[in-house]
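1. Mind folding the following:
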Amino acid sequence: MLVAAAVCPAPPLLVPEVAAGAAAELGDARTACSDALAVLAASRPDLLVVVGAADRDHRGPYPQGARGSFRGFGVEADVRLGEGQGVGQGEGEGPEGARPLPPALAVAAWLLRQARWAAAPVEGLGVGEPLDTARCLEAGREIAARASRVALLVMGDGSACRTLKAPGYLDERAAAFDAAAARALASADASALAALDAELAAELLAAGRAPWQVLAGAAEGAGLDGRLLYEDAPYGVGYFVAAWS
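-> Model (predicted):
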């Protein structure tokens, strides 16, 4: 059963080494993410599952200890999923056969390391942005049934079309889409998250839609309350941090 969830944005720029001179611009977002992770730890979960968007080559489950890297962004920084949970691999190793973490899950691993996460075992799930709503909801229900007390760390961004300089240029529909997502996240409204239009989300480059709808499936019947801890659109991309408990 789902007992808590944290929703965080997934840009590698959250990692100060990647952001370099612009690191301070997302300082408030990092603080909010830390607060949301504290809510997860306080829920005393038996299992934490990290869910984030992934491309075709990185979809599917990731075991505790799977490694990620920010070397593709010009930074010699590596992370492991579930550091502090007794992961036994050597410095350069990961679980046998484990693929490298996609960027969204690597950012999550970095956040967990900063929080010194040790509250529960950690696993990851990369979901494809084209995954339809029904399958997202079913994946969430399956995750919630994995243990008596399940927590989710959900990594995903809103629209990338909020300004002229945004990755997807300016789309007048983007602000309303993000506002609807923010309301749903603020009130832990699983039905409203499930109702987000997948086709519109794809047009607006909203990579968080599928992970959020996995959360919606996991939260069905859980009776959680929500708080929106951060909302902004730096770089023309909607970023949200929320805590459900």
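2. got the contact list for the residue nearest in space to the middle of the chain?
-> Nearest to the mean C-alpha position of the chain, by C-alpha atoms, centre = their mean, lies residue 155 at 0.9 Å. Residues counted as contacts of residue 155 (C-beta atoms under 8 Å, 6 or more residues apart in numbering) are 8-10, 50-53, 104-105, 107-108, 208, 211. Bear in mind the C-beta positions are built from the backbone N, C-alpha and C, glycine included.
3. ditto for residue 181
-> Taking C-beta under 8 Å, 6+ apart, one finds 158, 193, 196, 206, 208, 212, 238, 240 in contact with residue 181.
4. Tell me the one of those nearest residue 123?
-> residue 212 (18.6 Å; C-beta to C-beta).
5. the strands in the protein, which residues?
-> Here the chain has its strands, by DSSP state E, at 2-8, 47-54, 60-62, 67-69, 78-80, 122-128, 150-155, 226-232, 239-244.
6. Residue 166 is nearest to which of those strands?
-> It is, among the strands of the chain and with distance given as C-beta to C-beta, strand 239-244, at 12.1 Å.
7. tell me which strands and helices the closest one is in contact with?
-> Contact here means 3 or more C-beta pairs under 8 Å, 6 or more residues apart in numbering; DSSP states H and E; on that basis strand 239-244 packs against strand 2-8, helix 27-42, helix 174-186, strand 226-232.
8. I'd like these as CSV, with distance to residue 115 appended.
-> CSV is the format used below for these (distance: least, C-beta to C-beta, whole Å):
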stretch, distance to residue 115
strand 2-8, 10
helix 27-42, 4
helix 174-186, 20
strand 226-232, 14
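9. Please name whichever of the strands of the chain is nearest to residue 186.
-> Of all those, strand 226-232 comes closest under C-beta to C-beta, at 3.7 Å.
10. who does that closest one pair up with?
-> Counting by DSSP bridges, the strands paired with strand 226-232 are strand 239-244 (antiparallel).
11. and of the strands of the chain, who's closest to residue 27?
-> When the strands of the chain are ranked by proximity to residue 27 (C-beta to C-beta), strand 226-232 comes first, at 10.8 Å.
12. quick one on the thing from earlier: switch the helices and strands packed on strand 239-244 over to TSV; also include mean pLDDT and distance to residue 63.
-> Putting the helices and strands packed on strand 239-244 into TSV (pLDDT from 0 to 100; distance: least, C-beta to C-beta, whole Å) gives the following:
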stretch	mean pLDDT	distance to residue 63
strand 2-8	98	21
helix 27-42	98	19
helix 174-186	98	28
strand 226-232	98	29
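13. Can you say which of those is packed in most?
-> strand 2-8 (a mean of 28; mean count of other C-beta atoms under 10 Å).
14. For the protein, which residues score under the pLDDT cut-off?
-> 84-97 (pLDDT under 70).
15. one more time with 50, if that's ok
-> 88-92 (pLDDT under 50).
16. For the residue lying closest to residue 208 once chain neighbours are set aside, what are phi and psi?
-> Among residues not flanking residue 208 along the chain, residue 156 sits closest, at 2.4 Å (C-beta to C-beta, 6 or more residues apart in numbering). Residue 156 adopts backbone torsions of phi -180, psi 150, taken as degrees, to the nearest 10.
17. before we move on, what about residue 157?
-> Per degrees, to the nearest 10, the backbone of residue 157 is at phi -100, psi 160.
18. In this structure it contacts residue 208, no?
-> Yes: here residue 157 lies in contact with residue 208, judged by C-beta atoms under 8 Å, at a distance of 5.0 Å.
19. shared neighbours, these two?
-> The contact lists of residue 157 and residue 208 share 9-10, where a contact means C-beta under 8 Å, 6+ apart.
20. the more surrounded of the two?
-> Legend: neighbour count by other C-beta atoms under 10 Å for residue 157 and residue 208, higher for residue 208 (32 against 26).
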